[in-house]
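**Student:** Provide a 3D model corresponding to the input given below.
(one chain, ligands or ions: 1)
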Amino acid sequence: MNAGADGPVRQFARFARFARADFFSIGNQDMSTPQRDIIVREVGLRDGLQIHPTFMPTASKLAWIKSEALAGVSEIEVTSFVPPKLIAQFADASDVCHGAIQLKDLVVSALIPNLKGAQRGLELGVNKLNYVVSVSQTHNLKNVRRARAESMADFKAIVELIKTLPKDQRPFIGAGLSTALGCSYEGKIAVSEVVFCAEQLLEAGADEIVVCDTVGYANPAQVRQVMKAVLGVAAHVPVAAHFHDTRGTGLANVTAALDCGIKYFDASLGGLGGCPFAPGASGNIVMEDLCFMLDAMGLRTGVNLDALLTTRQSMSESLSDLKLHGALARAGLPHGFVSTWEAMAA
Ligand SMILES: [Zn+2]
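**Tutor:** Sure, this is the predicted structure:
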């Protein structure tokens, strides 16, 4: 790793400390940060834009990140370190990371497809690196052109690389279980396979497990079953949920995950999203709808809904061919609605 550059490494150390503090801060926050019961994480800049044919200008991406961070979203996956020849949308990954890490109190994460991606993440000072392995062997081959076992070996090498840094300078390393709730190539995925993969990733040193319904096959009963099984082996680290709303079950799946005690949820503004290697996949669950539902349930997200809707509006104006989803943006807030977070902060 090119750790010789003083600037990025110093910056990285500063933000890495924040990232670690934030991750374990639920229920134990100081007065300077908003109390949060649930952490919502924006993934639209990566998951949403990766299949979008038009390049979103770097300045528009940074404006989106800044606006959503100011609205109260505390973690944003800002890009992916895939080669630009594979996905041109991420050709500006370095500039987006540089800009995002200037923002105070934001956990900046990026998707890393391999060891090379991890090296870039470390050099740029990203707070958190998100690695993904598909539980479905076929999906893994199609997605990253490697066998699942090779992806697991690569993850071990990434953790070893991170361990070469002093402890207080290490970024978080998240491990996503793609297609954990169904695969468009293999169909049903056995729960035992999901648990097996989670155990392997934890043994290798994952700081977090993300259970992903990559192609939107999940239903709430299945989510309960899979989450309980994963929590059975991963109770010592944060376990997050990443749902797509392909078949209209996204928010129902969130409530099922909440029932299991899950506190971390991925979503994308306007429901942008999909997977280029999963035929039929559409958007992530809609960030605005997720935040509204959680807030209405009395769960504090730290997100100001009006500011989030404003962010959505400006983001939609930055590219003319974006197709946005979302019920809250269509219907507006209910008459007399009082945000849980704001009511408690008042
Ligand atoms: Zn996804």
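**Student:** low-scoring stretches of this structure, by residue?
**Tutor:** Residues of the chain meeting the criterion pLDDT under 70: 1-34, 274-282, 342, 345-346.
**Student:** One more pass at 80, please.
**Tutor:** Residues of the chain that meet the criterion pLDDT under 80 lie in 1-34, 273-282, 341-346.
**Student:** Now do the strands in it.
**Tutor:** Under the criterion DSSP state E, the chain contains strands at 39-42, 75-80, 107-112, 128-134, 172-178, 208-213, 239-243, 264-267.
**Student:** These: which one's closest to residue 51?
**Tutor:** Nearest to residue 51 among those is strand 75-80; the distance by CB to CB comes to 11.6 Å. Yep, even glycine has a C-beta here, placed from its N, CA and C like the rest.
**Student:** strands paired with the closest one, and their directions?
**Tutor:** Strand 75-80 has the following sheet partners, assigned by DSSP bridges: strand 39-42 (parallel), strand 107-112 (parallel).
**Student:** Run through who's touching the first one.
**Tutor:** This points to strand 39-42. 26, 68, 73-77, 109, 240, 263-269, 287, 290-291, 294, 301, 303 (CB atoms under 8 Å, 6 or more residues apart in numbering).
**Student:** re earlier: of the strands paired with strand 75-80, which stretch is the most buried?
**Tutor:** For these, the largest average neighbour count (mean count of other CB atoms under 10 Å) is found in strand 107-112, namely a mean of 27.
**Student:** and that strand, how far out from the chain's middle?
**Tutor:** Put simply, strand 107-112 sits 8 Å off its chain's centre (CA atoms, centre = their mean, to the nearest Å).
**Student:** now it and strand 172-178, what's the angle there?
**Tutor:** If you take axes from the mean of the first three to the mean of the last three CA atoms, to 10 degrees, strand 107-112 sits at 50 degrees to strand 172-178.
**Student:** contacts for strand 107-112?
**Tutor:** With contacts defined as CB under 8 Å, 6+ apart, strand 107-112 is touched by 15, 18-19, 22-23, 41, 46, 74-82, 93, 97, 100-101, 117-118, 120-121, 124, 126-132, 158, 172, 174.
**Student:** Which members of these are classed as buried?
**Tutor:** Buried by 16 or more other CB atoms under 10 Å: 15, 18-19, 22-23, 41, 46, 74-82, 93, 97, 100-101, 117-118, 120-121, 124, 126-132, 158, 172, 174, out of these.
**Student:** Of the strands of the chain, which is nearest residue 195?
**Tutor:** So among the strands of the chain, strand 172-178 is nearest, using CB to CB, at 9.6 Å.
**Student:** Let me see the ranges of the helices in the stretch 151-300 of the chain.
**Tutor:** For the stretch 151-300 of the chain, the helices defined by DSSP state H, counting those that start in this stretch occupy 191-204, 220-234, 250-259, 287-296.
**Student:** sorry, back to before: and the strands of the chain as a markdown table, adding distance to residue 144?
**Tutor:** Converted to a markdown table, the strands of the chain look like this (distance: least, CB to CB, whole Å):
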| stretch | distance to residue 144 |
| --- | --- |
| strand 39-42 | 22 |
| strand 75-80 | 12 |
| strand 107-112 | 11 |
| strand 128-134 | 8 |
| strand 172-178 | 10 |
| strand 208-213 | 14 |
| strand 239-243 | 17 |
| strand 264-267 | 19 |
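**Student:** pretty sure residue 285 is in contact with residue 267, am I right?
**Tutor:** Yes. Counting by CB atoms under 8 Å, residue 267 is a contact partner of residue 285 at 4.8 Å.
**Student:** about what we covered before: make a markdown table from the strands paired with strand 75-80 and add distance to residue 194 to it.
**Tutor:** Formatted as a markdown table, the strands paired with strand 75-80 follow (distance: least, CB to CB, whole Å):
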| stretch | distance to residue 194 |
| --- | --- |
| strand 39-42 | 20 |
| strand 107-112 | 20 |
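**Student:** out of those, which comes closest to residue 317?
**Tutor:** strand 39-42 (17.7 Å).
**Student:** got a list of what residue 250 touches?
**Tutor:** Contacts of residue 250 (CB under 8 Å, 6+ apart): 216, 243-244, 284-286.
**Student:** do the same with residue 130
**Tutor:** Per CB under 8 Å, 6+ apart, neighbours of residue 130: 77, 109-112, 174, 176, 210.
**Student:** same thing with residue 283?
**Tutor:** 48, 244-246, 268, 270-274, 325.
**Student:** Find the pair from those with maximum spatial separation.
**Tutor:** Spatial extent of these (CB to CB) is set by the pair 246 and 270 at 15.4 Å.
**Student:** residue contacts, residue 340?
**Tutor:** Here residue 340 is in contact with 295-296, 298-300 (CB under 8 Å, 6+ apart).
**Student:** Backbone dihedrals for the closest residue to residue 183 other than its chain neighbours, both of them.
**Tutor:** Computed as CB to CB, 6 or more residues apart in numbering, the closest residue to residue 183 that is not its neighbour in sequence is residue 136, at 3.6 Å. Dihedral pair for residue 136: phi -70, psi 120, per degrees, to the nearest 10.
**Student:** measure residue 136 to residue 289 for me?
**Tutor:** Separation of residue 136 from residue 289 (CB to CB, to the nearest Å): 28 Å.
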